[in-house]
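**Q** Show me the folded form of this:
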Amino acid sequence: MFRYRSVRRTMLAVPVVAVALSLAACGGSSDAGTSSSSTSSSSAPSSSASSTSASSSAAVSSADTTGPSPTASTITATGQTGDIGTQTPGVLKLAADFSSSPNQFLNNGKEDGLNPALCTAIAGKLGVRIEWTNLAFDGLIPGLQAGRYDALCTSVFITAEREKVMNMVPYVQWGNTMGVKKAAKAGYDCPKTPCWEAFAGKKVAAPSGGSEVAQLQEANKTLSPPMQILPFESNVQVYQALQNDSVDAAYVNDPQFAYFNKTNGDEYATVMTGVESRALALTTVKKNTALADALIRGLQAIKADGSYQKILKDWGIAGVDDFTINPAPAS
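**A** Purely as a prediction, here's the structure:
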């Protein structure tokens, strides 16, 4: 059984407001009354991060802060000091949803996963330490816009709507998976991807507010009967609904479902995967191009020394060829 500490189980009514879906990273803002967990921890700069597997948790615990803190706002990837646009000199305040294994999760109270590994390596090149904030996915973009932290180091798909309000730096790429219990897979005829018609009338769980729900709603325009879309506040709640047979299928990111299946006895199967595969980004507020540029320098530096490629291989993720600000979104 997939175990987690529950924050609050919510089942939201559909349809969801389209604009909020396109911008939010998973639902409503914590600043607007969401009861999502929000705690911070610090980690010292490092050129690499561990990739130990562990079950996810709903809250980030305090971690020890070690190592020297630079006196300048930053040390660039070339070793020169300068201002990279952080709110506090020597500190890079990042936010993520730590209920999304393997992208980011907790391993004995310590941040672990793809994104902590990459962003810790970047921070090491920039000479800054990280302070983490954990929020449900839906509160991340509103919190960034409110100035609660410097950037998002979580998995945010690049869209034209998001590029209007944020600087987006692509760093990895993947699509979404429709997963079911292995025993039920034979009941789905899916000769191609996507095969939405196989799920007409089915109950499908997805994390609220991100690309998953938006894609399901778009697919419903061609289905009769439509899918019953059940948005949940976190991935762990999506998985619980699938485990308890409250839904027929779960629709989440490719690496997230693969990791869930791997850590839960290989009892699940994918009906379709790689749906609308495209790049994901590290993000800053629109006016903070200095920090976006610094993140690019950090990515270039860890790619040059090979740590970028090693981290991606450790977590089974595809990289991108170029690190730029606000590339044209995939159509």
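**Q** Low-confidence stretches in the chain?
**A** For the chain, applying pLDDT under 70 flags the ranges 1-82, 330-331.
**Q** for it, what spans make up the strands?
**A** 39-43, 74-75, 81-82, 91-96, 105-107, 110-112, 129-134, 151-157, 166-181, 203-207, 228-232, 249-253, 268-285, 318-319 (DSSP state E).
**Q** Pull out the buried positions in the fourth one.
**A** When burial is assessed from 16 or more other CB atoms under 10 Å, strand 91-96 yields the following buried residues: 91-96. The C-beta positions use only the backbone N, C-alpha and C, and glycine is treated the same way.
**Q** name the helices or strands packed onto it?
**A** helix 114-126, strand 129-134, helix 140-145, strand 151-157 (3 or more CB pairs under 8 Å, 6 or more residues apart in numbering; DSSP states H and E).
**Q** What lies in contact with the last one?
**A** Contacts of strand 151-157 with the rest of the structure, by CB atoms under 8 Å, 6 or more residues apart in numbering, involve 25, 92-97, 100, 103-104, 115-116, 118-119, 137, 140-141, 144, 162, 168, 172, 210-211, 253, 278-284, 291, 295.
**Q** Provide a ChimeraX selection command restricted to the buried entries of these.
**A** The ChimeraX selection below is limited to those of the contacts of strand 151-157 classed as buried (16+ other CB under 10 Å):
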select :25,92,93,94,95,96,97,100,103,104,115,116,118,119,137,140,141,144,162,168,172,210,211,253,279,280,281,282,283,284,291,295
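**Q** so how far is the first residue of stretch 304-322 from its last?
**A** 12 Å (CA to CA, to the nearest Å).
**Q** just stretch 194-213 next, same as before
**A** One end of stretch 194-213 sits 15 Å from the other (CA to CA).
**Q** ok, now stretch 279-295?
**A** The straight-line separation of the ends of stretch 279-295 (CA to CA) is 16 Å.
**Q** Figure out how far it is from the centre of its chain.
**A** Mean-position distance between stretch 279-295 and its chain equals 16 Å (CA atoms, centre = their mean, to the nearest Å).
**Q** Next: stretch 319-328.
**A** 17 Å.
**Q** Can you give me the buried ones in it?
**A** 319-320, 323, 325-327.
**Q** ok, so of the residues you listed, who is nearest residue 220?
**A** residue 327 (29.2 Å; CB to CB).
**Q** residues in contact with stretch 242-250?
**A** Applying CB under 8 Å, 6+ apart, the contact partners of stretch 242-250 are 1-2, 178-181, 184, 199, 202-206, 230, 238-241, 257, 264, 268, 271.
**Q** okay, now the domains of the chain?
**A** Here the domain parsing of the chain from automatic domain parsing is 26-173+279-319, 175-277.
**Q** If we go by neighbour counts, what in stretch 201-210 is buried?
**A** For stretch 201-210, the neighbour count (16+ other CB under 10 Å) marks 202-210 as buried.
**Q** Pipe those into CSV and attach distance to residue 247 per row.
**A** Converted to CSV, the buried residues of stretch 201-210 look like this (distance: CB to CB, whole Å):
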residue, distance to residue 247
202, 8
203, 4
204, 6
205, 4
206, 9
207, 13
208, 14
209, 18
210, 17
